[in-house]
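Asker: Below: sequence and its predicted model.
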Amino acid sequence: FRTYYAPNNAVLSIVGDIDPEQTLAWVEKYFGSIPSHDGKQPPRDGTLPEIIGEQLREVVHEEVPARALMAAYRLPHDGTRACDAADLALTVLGGGESSRLHNRLVRRDRTAVAAGFGLLRLAGAPSLGWLDVKTSVGVEVE
């Protein structure tokens, strides 16, 4: 609590028809005596080498009515233009029921009951792109 709930780790927003001088006086009166805290640790370095090793793949065969495909990919670090571009592209291609992936596999082809792409931003590390497709009954994953 003392680390993260301190004035040097907070934003105060004031909106409306205000008197700036009076508002600053009130801010100083009610918040000025709260001490800052320097205990917040910087995020750890999650840098990974360009090539980690080889592709990892696991196929699980079970008696289920429908197949599924899940995949994850390493993408650029959060906070970079490349990560923002990847996030935008994955949102357009596979984010939600209006996405191209959902429209193609679920609505048009009816080969899947759910399909999506997404991006998980990780602090201090490469982001993670994910794909999740749950096929319709009787459809094989190519």
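Answerer: Noted; the coordinates are in hand.
Asker: Can you verify Asn92 is assigned to a strand?
Answerer: That one is not Asn; residue 92 is Val. No: Val92 sits outside any strand when classified using DSSP: H, G, I helix; E, B strand; the rest coil, being helix.
Asker: Arg100 is in contact with that one, correct?
Answerer: Yes: taking C-beta atoms under 8 Å as the definition, Val92 is a contact partner of Arg100 at 6.8 Å. Yep, even glycine has a C-beta here, placed from its N, CA and C like the rest.
Asker: where along this protein do the helices fall?
Answerer: Here the chain has its helices, by DSSP state H, at 20-31, 81-94, 100-102.
Asker: and of these, who's closest to Thr135?
Answerer: Closest of the helices of the chain to Thr135 is helix 100-102, at 13.0 Å (criterion: C-beta to C-beta).
Asker: can you pull up the bridge partners for the spatially most central residue of the chain?
Answerer: The centre of the chain sits closest to Leu120, judged by C-alpha atoms, centre = their mean, with a distance of 3.3 Å. Beta-bridge pairing of Leu120 under DSSP bridges involves Leu128.
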